[in-house]
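Asks: Here's a sequence, model it:
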Amino acid sequence: MLRFPPPLPTCFPSSTLRHHLIFQPPLSAAAAIPSSSSSTSAAVINLSNSSSPTSSPKRHVIEINGGDNPNDVLPLQSRRYDFTPLLNFLSNQTPSSFFSDDENSSPKSLEPLELQLAESYRAVPGPLWHSLLKSLCSSRGSNIGLAYAVVSWLQKHNLCFSYELLYAILIHALGRSEQLYEAFQLSKKQKLTPLTYNALISACARNHELEKALNLISRMREDGYPSDFVNYSLIIRCLIRSRRIDSIILHKLCREIECDKLEVDIHLSNDIIIGFAKAGDASRAMEFLSGVQGRGVSVKTETLLAVINELGNSGRTEEAEAIFEEMRDNGLKPRSKAYNALLKAYVKAGSLKDAEFIVSEMERTGVYPDEHTYSLLIAAYSDAGRWESARIVLKEMEAKDCQPNSFVFSRILATYRDKGEWHRVFEVLREMKKIGVSPDGHFYNVMIDTFGKNNCLDHAMTAFDKMVSEGIQPDIVTWNTLIDCHCKSGKHGRAEELFHEMMEKGFSPCPTTFNIMLNSFGEQERWDDVKSLLGNMRTRGLLPNTVTYTTLVHIYGKSGRFGDAIKCLEDMKSQGLKPLASMYNALINAYARRGMSDEAINAFKAMRADGLPPCVLALNSLINAFGEDRRDAEAFAVLQYMKENGLKPDVVTFTTLMKARIRVDKFHEVPAVYQEMILSGCAPDRKAREMLRSALRYMRQSLK
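Replies: Okay, the predicted model is just below:
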């Protein structure tokens, strides 16, 4: 048995790393032995762009300039380490596997070339091996297999002590390459340490495997390693970057943090606040923000902007204003992003005067409006129907050399879409062409949605084909829009084809995609497919959200599968989610259609028990349930309940009450209900007038 002396300590030298690509023939193994005569220390690293072991290697040079520190790994004189012979040697061996168990065994004998290689690299400091490994893993055409072979070879010859860092680099690279299974197999080669645990958790987060990441945190506890803030921040940031953040996931992470008894630091607090804001949970984001500020800690501007944005999206403009003013009170000078966040809130709320004021305030304080500012202002004018004002803003943009972009026109198009004026799409396209603006992906998404909402499916598919032909890659929003508009038009078969086509082209469905398809299968009463789709969703690491459960309750209730609907409610609550009023409305309405008034009452009571206030929609469904069950007295008792609780009956309320009277043959009382509707300020619609005419017609016939 050959016994080698231990390698040098692997502390980092106080040196400067400079990287150069050098194309030259590989050096011989003998040339790899350090030479003290060279004037510049260098580590030559072979990088192959091909997975083939016989591919021609490139050279990657790391130059290390030694300092005067006597504790440096490198001596005062420069040294040169050429890794090309080693990488050539390993490339010509049998490819290393992550799953074999014999790589780390000590060698019983060595060929002369391998012995010479081992001896020539004995003095290489640890940081150079780390640099070599990172280069192999991170360069274009990275060769993780070769990198793993290097680590195995180092262990075989006992040439480096910091193996946990080397394995962490490999695991990180595998996670980045979406090879999570291989990363877990590799982790079995070494006893897991906090460093390798963190690399695995990061790999899981990057690949959207939340449950595996949380299980790893639990295993850390069992191994005696306390979990830290980094693990949770890694998960949250990866979820935010991949736009897969969800309030359910964050609630679960917060429970895990409480379980670990961690006192959340400022960095993790910022991540949690941004996470809840991006997940659309403004209340929870505000709760965490208040808690952090209550401890006298200042949060990042990025965090405040995320909260302002979500408050604006939720219609909570006063709170958005308060945070904006708080930024100024704390001495922070708002920039265009902060102003735009508040401007977006005003546009969302339809507050045109406030929108105009905030733009004027920007200019007064020396913050120049940017493209996004103008886009939002144009959207505000478009929403208000002030087309001339929108055109003036376009002219102002041109005068200030601020070229209108595709987003501006997409906002104008969205306004036409919401007004049902789909034919104006072509006018917008002509205007864009006139000033030289090309449609982008977002514009195409709005255009496809405009055609879809107006049942112009041929135009929607033509726009999609045009988008692809122009080299614009469709995103998940594009696919969801196409699938949804076909579902709503009753083209369920075509919608399913698009769903499979999307996955075949490498797009992963998001919760919205699954919700659309669940509703489609439910309308077709394909219950086995509904269960299969839910299983597929969970397999992909996507947890059902509030919309998912609401969709399930709706489709189950509509088909009379009330047991399944109730189970969905129970499952939702067990996940720590609070049911929405719309979910109970769907359930009450489902009972109402079948005349199951007692069950409808119980659903309404459960809604109130969950802390949800009564709403007109739910009470209208309850009135309908009593009407279908021929219990008109109870139906009018609901009307009285509405009045006593300050709820204003609408035209649906009175129309449903008229129908309840007709169902029990009390035609003579229908005109009185119609009169009360008018006196309450509700304008009768076509259905109400038809109901009145039907009652009067029957009364005239009964008098003959």
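
Asks: use CA for all of it now, contacts and neighbours both
Replies: Noted.

Asks: For R219, the count of nearby residues, please.
Replies: 16 (other C-alpha atoms under 10 Å).

Asks: Please give the element, helix or strand, for it.
Replies: Using DSSP states H and E, R219 falls within helix 210-222.

Asks: In terms of secondary structure, what does that helix contact?
Replies: For helix 210-222, the packing partners by 3 or more C-alpha pairs under 8 Å, 6 or more residues apart in numbering; DSSP states H and E come out as helix 194-206, helix 229-241.

Asks: Any buried residues in that helix, and which?
Replies: By 16 or more other C-alpha atoms under 10 Å, the buried positions in helix 210-222 come out as 210, 212-214, 216-220.

Asks: cool, stretch 426-441 as well?
Replies: Neighbour-count burial for stretch 426-441 [16+ other C-alpha under 10 Å]: 428, 432, 437, 439-441.

Asks: From those residues, which land in helices?
Replies: 428, 432, 441 (DSSP state H).

Asks: pLDDT and distance to I392 added to those, as JSON lines?
Replies: Converted to JSON lines, these look like this (pLDDT from 0 to 100; distance: C-alpha to C-alpha, whole Å):
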{"residue": "V428", "pLDDT": "84", "distance to I392": "16"}
{"residue": "M432", "pLDDT": "84", "distance to I392": "16"}
{"residue": "G441", "pLDDT": "91", "distance to I392": "26"}
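
Asks: With distance to Q473 as extra columns, can I get those residues in JSON lines?
Replies: What follows is these, written out as JSON lines (distance: C-alpha to C-alpha, whole Å):
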{"residue": "V428", "distance to Q473": "22"}
{"residue": "M432", "distance to Q473": "20"}
{"residue": "G441", "distance to Q473": "7"}
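
Asks: so which of these would you say is closest to N309?
Replies: Nearest to N309 among those is G441, at 22.2 Å by C-alpha to C-alpha.

Asks: how about that closest one, what does it touch?
Replies: Contacts here follow C-alpha atoms under 8 Å, 6 or more residues apart in numbering; on that basis G441 touches 467, 472-475.

Asks: And it, how far from S410?
Replies: 10 Å (C-alpha to C-alpha, to the nearest Å).

Asks: what do you get for H500?
Replies: 28 Å.

Asks: wouldn't K278 be in contact with A306 here?
Replies: Yes. With contact defined as C-alpha atoms under 8 Å, K278 reaches A306; the gap is 7.0 Å.

Asks: a helix runs through Y81, doesn't it?
Replies: No. Remark: Y81 does not belong to a helix; assigned using DSSP: H, G, I helix; E, B strand; the rest coil, it is strand.

Asks: Pull the number of nearby residues for it.
Replies: Y81: 23 neighbours (other C-alpha under 10 Å).

Asks: ok, now the one 4 residues further on?
Replies: P85 has 21 neighbours, counted by other C-alpha under 10 Å.

Asks: what helix or strand is it on?
Replies: Per DSSP H and E: helix 84-91 holds P85.

Asks: mean confidence for that helix?
Replies: Averaged over helix 84-91, pLDDT sits at 80.

Asks: which of the residues in the helix or strand that that helix is followed by are buried?
Replies: Once helix 84-91 ends, the next helix or strand along the chain (criterion: DSSP H and E) is helix 112-120. By neighbour count with 16+ other C-alpha under 10 Å, helix 112-120 contains the buried residues 114, 117-118, 120.

Asks: how far out from the middle of the chain is helix 112-120?
Replies: 51 Å (C-alpha atoms, centre = their mean, to the nearest Å).

Asks: angle of it against helix 84-91?
Replies: When axes from the mean of the first three to the mean of the last three C-alpha atoms, to 10 degrees is applied, the directions of helix 112-120 and helix 84-91 differ by 130 degrees.

Asks: Give the buried residues for the following helix or strand past helix 112-120.
Replies: Next helix or strand after helix 112-120 toward the C-terminus (DSSP H and E): helix 126-138. Buried positions in helix 126-138, judged by neighbour count with 16+ other C-alpha under 10 Å: 126-137.

Asks: Format the residues you listed as JSON lines; extra columns: pLDDT and distance to H486.
Replies: Converted to JSON lines, the buried residues of helix 126-138 look like this (pLDDT from 0 to 100; distance: C-alpha to C-alpha, whole Å):
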{"residue": "G126", "pLDDT": "77", "distance to H486": "59"}
{"residue": "P127", "pLDDT": "78", "distance to H486": "57"}
{"residue": "L128", "pLDDT": "80", "distance to H486": "58"}
{"residue": "W129", "pLDDT": "80", "distance to H486": "56"}
{"residue": "H130", "pLDDT": "75", "distance to H486": "53"}
{"residue": "S131", "pLDDT": "78", "distance to H486": "53"}
{"residue": "L132", "pLDDT": "79", "distance to H486": "53"}
{"residue": "L133", "pLDDT": "73", "distance to H486": "50"}
{"residue": "K134", "pLDDT": "78", "distance to H486": "48"}
{"residue": "S135", "pLDDT": "75", "distance to H486": "48"}
{"residue": "L136", "pLDDT": "77", "distance to H486": "47"}
{"residue": "C137", "pLDDT": "76", "distance to H486": "44"}
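
Asks: all helices for the stretch 151-300 of the chain, in order.
Replies: 163-176, 180-187, 194-206, 210-222, 229-241, 247-259, 266-278, 282-294 (DSSP state H, counting those that start in this stretch).

Asks: A590: which of the ones you listed is closest?
Replies: helix 247-259 (26.9 Å).

Asks: which strands and helices sit next to the closest one?
Replies: Using 3+ C-alpha pairs under 8 Å, 6+ apart as the test, helix 247-259 ends up in contact with helix 266-278.

Asks: 7 Å instead, please
Replies: Contact partners of helix 247-259 among helices and strands, from 3 or more C-alpha pairs under 7 Å, 6 or more residues apart in numbering; DSSP states H and E: none.

Asks: quick thing: my sequence starts at 59, can you match it?
Replies: Sure thing, new numbering starts at 59, so read that last one as helix 305-317.

Asks: contacts for that helix?
Replies: Helix 305-317 is contacted by residues 334, 337, 339, 603 when judged by C-alpha atoms under 7 Å, 6 or more residues apart in numbering.

Asks: From K477, how far off is I470?
Replies: From I470 to K477 the distance is 11 Å (C-alpha to C-alpha).

Asks: Those two: who's more crowded?
Replies: More crowded of I470 and K477, by other C-alpha under 10 Å: I470, with 22 against 11.

Asks: Tell me, what's the model's pLDDT at M344?
Replies: 90.

Asks: That one: neighbour count?
Replies: 19.

Asks: for the one 10 residues further on, same thing?
Replies: Neighbourhood size, G354 [other C-alpha under 10 Å]: 9.
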